[in-house]
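Student: A predicted structure for the sequence below; I have some questions about it.
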Amino acid sequence: GSLSERCLMDMRLGELPMWLATCDFSPQGLLGGVQKAWSSYYNKYINVKRGGPAGISMLLAGYCLLSYGWNYQHISKISFLVSI
Amino acid sequence: MNLSFFDQFSSPCLLGIPLILLATLFPALLLPAPNNRWITNRLTTLQLWCINLITKQLMIPLNKTGHKWAMVLSSLMIFLLLINLLGLLPYTFTPTTQLSMNMALAFPLWLATLLIGLRNQPSTSLGHLLPEGTPTPLIPALILIETTSLLIRPLALGVRLTANLTAGHLLIQLISTATIALLSIMPSVSILTSIILLLLTMLEVAVAMIQAYVFVLLLSLYLQENI
């Protein structure tokens, strides 16, 4: 009912399981959720009249962190103690 | 130990899902779609200025028929530029270091220019195989040489981009490993190496932009010959 209309930020911690139950977990629903999240980030930080480097820099920093997380398992195996 | 330096170029996979698709599509997020406003925000203005500059540069030598290629060439340029520059961020994956991707870009586009030339003006494009004023005994050898140089163009296009980016990334990784390893032993040499690393990173930014430009410029040149 009214739960799915309220966005995630307005939720109280105890209501979280109820909100998850109303969520749409089909592929279209997940894609719609991703699209909604992206457009809210985009319109809040990047698509502003007098934007600066901040919006895109946050996005790129997030991308670097994400790539680090994806490569972590591989990177942790390389030993940096190379004998010279 | 040397073999592990090439592991940064292996196609990233998370739980069996190839991430190269995400890495290839990510630059699209950085490009805002221009809306119908007359005065757009700063990012869109910057993007429009950049694309206008690039398109004008590429389209000046081409005739009217060649202007049909404007969207292909300028979008290819923006694509390669963004992918190359994003690859310089730490821990990111550069799809253009994969030879498969560069050959997939170079070969069909070169073949398209060749077929356009052979279809619309076959005698002129075959005439390109023999430069003017060659002495008669040299003609067969020169035709063979020119045919080889024609057929090697897609290979050169793809390998040039791959090799430049791969070599740059490898150099950055090697020198940064050297800097960290020397930090505990000889700090002064380590500072020297870090200065070299800074200069190399600036070079790599330039190379990333130049290689994208060269790729598209050569394609437009091949188009110019054949259109």
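Tutor: Thanks, I have it. Values in this document were obtained by computation on a predicted structure and should not be read as measured data.

Student: Could I get the full set of strands for chain B?
Tutor: For chain B, the strands defined by DSSP state E occupy B:13-14, B:17-18.

Student: Chain A now?
Tutor: So, for chain A - with DSSP E - there are no strands.

Student: Give the ranges of residues in it that sit below the confidence cut-off.
Tutor: Per-residue confidence for chain A (pLDDT under 70) gives these ranges: A:1-10, A:78-84.

Student: remind me which residues of chain B are low pLDDT?
Tutor: The model of chain B has pLDDT under 70 over residues B:1-4, B:12-17.

Student: Residue of it nearest chain A, please.
Tutor: Nearest to chain A in chain B, going by CB to the nearest CB, is B:Tyr91, at a distance of 4.2 Å. Every C-beta, even on glycine, is put in place using the N, C-alpha and C of the backbone.

Student: if I pick that residue, what's in contact with it?
Tutor: B:Tyr91 is in contact with A:64, A:67-68, A:71, A:75, counting by CB atoms under 8 Å, 6 or more residues apart in numbering or on different chains.

Student: Filter those down to the buried ones, PyMOL style.
Tutor: Command for PyMOL that selects the buried part of those, burial taken from 16 or more other CB atoms under 10 Å in any protein chain shown:
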select buried, chain A and resi 67+71
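
Student: want to try TSV for the contacts of B:Tyr91, with distance to B:Gly117 as columns?
Tutor: Output for those, formatted as TSV (distance: CB to CB, whole Å):
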residue	distance to B:Gly117
A:Cys64	44
A:Ser67	42
A:Tyr68	47
A:Asn71	44
A:Ile75	48
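
Student: show me which of the contacts of B:Tyr91 neighbour chain B.
Tutor: By CB under 8 Å from any CB of the partner chain, the members of those lying near chain B are A:64, A:67-68, A:71, A:75.

Student: I'd assumed A:Gly51 was in contact with B:Ile32.
Tutor: For the record, residue B:32 is Pro, not Ile. No - shown here, B:Pro32 and A:Gly51 do not form a contact pair, counting by CB atoms under 8 Å, at 9.7 Å.

Student: what touches both of these two?
Tutor: Counting by CB under 8 Å, 6+ apart, the residues touching both B:Pro32 and A:Gly51 are B:41, B:43.

Student: What are the buried residues along the top helix by length along chain A?
Tutor: Longest helix in chain A by number of residues (criterion: DSSP state H): helix A:54-75. Residues of helix A:54-75 classed as buried by neighbour count (16+ other CB under 10 Å): A:55-56, A:59-60, A:63, A:67, A:70-71.

Student: And stretch B:154-170, by the same measure?
Tutor: Neighbour counts using 16+ other CB under 10 Å place B:154, B:157-158, B:160-162, B:164-166, B:168-169 of stretch B:154-170 among the buried residues.

Student: what sits against the closest residue to B:Ile116 other than its chain neighbours?
Tutor: Counting by CB to CB, 6 or more residues apart in numbering or on different chains, B:Asn226 is the residue found nearest to B:Ile116 once chain neighbours are left out, at 5.4 Å. By CB under 8 Å, 6+ apart, the contact list for B:Asn226 reads B:113-114, B:116-118, B:120-121, B:125.

Student: Apply 6 Å and report the result again.
Tutor: Neighbour list for B:Asn226: B:113, B:116-117, B:125 [criterion: CB atoms under 6 Å, 6 or more residues apart in numbering or on different chains].

Student: now the helices for chain B?
Tutor: B:20-25, B:42-59, B:70-86, B:99-120, B:122-127, B:139-151, B:153-183, B:187-226.

Student: And the third one, what does it pack against?
Tutor: If you count contacts as 3 or more CB pairs under 6 Å, 6 or more residues apart in numbering or on different chains; DSSP states H and E, helix B:70-86 packs onto helix B:42-59, helix B:187-226.
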